[in-house]
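Peer 1: below are the sequence and a predicted model for it; my questions follow.
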Amino acid sequence: MLAMAKKKPVEWTAATISSLRERLGLTVDRASERVGVSPRQWTHWEAGTRKPSGPAAMLLDLLSRNKI
């Protein structure tokens, strides 16, 4: 059986979250809606006052690959 190489997860920092939103051309409201969090939560992530949890980080991964 072949082992599949696991892709290293993205380190979701304030800078990577902000650049993701800008790269996709989304407003805070639209980006937060696509991930299913409040705009206030998204703003906290971009400010670096909070970090996305496991499920939220997974959703950010999906958003970065245009899967959601």
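Peer 2: Received, thanks.
Peer 1: relative to Ala47, how far out is the residue lying closest to Ile68 once chain neighbours are set aside?
Peer 2: Distances taken as Cβ to Cβ, 6 or more residues apart in numbering put Leu62 closest to Ile68, at 4.7 Å, once the chain neighbours are dropped. C-beta: built from backbone N, CA, C; applies to glycine. Here the criterion is Cβ to Cβ, to the nearest Å. By it, Leu62 lies 22 Å from Ala47.
Peer 1: who touches Ala47 in this structure?
Peer 2: Contacts for Ala47 (Cβ atoms under 8 Å, 6 or more residues apart in numbering) come out as Ala14.
Peer 1: ranges for the helices of this protein?
Peer 2: Assigned by DSSP state H, the helices in the chain fall at 14-24, 28-35, 39-47, 54-64.
Peer 1: can you list the low-confidence ranges for this protein?
Peer 2: For the chain, the stretches flagged by pLDDT under 70 are 1-9.
Peer 1: can you tell me which residues contact Thr43?
Peer 2: With Cβ under 8 Å, 6+ apart, Thr43 has these contacts: Val28.
Peer 1: distance check, it against Arg65.
Peer 2: According to Cβ to Cβ, Thr43 and Arg65 sit 23 Å apart.
Peer 1: which non-adjacent residue is nearest the residue most central in space within the chain?
Peer 2: Compute the mean C-alpha point of the chain, and by Cα atoms, centre = their mean the closest residue is Leu60, 2.6 Å away. The spatially closest residue to Leu60, leaving aside those adjacent along the chain, is Trp12, at 5.5 Å (Cβ to Cβ, 6+ apart).
Peer 1: now do Asp29
Peer 2: Closest residue in space to Asp29, ignoring its immediate chain neighbours: Pro39 at 5.1 Å, by Cβ to Cβ, 6+ apart.
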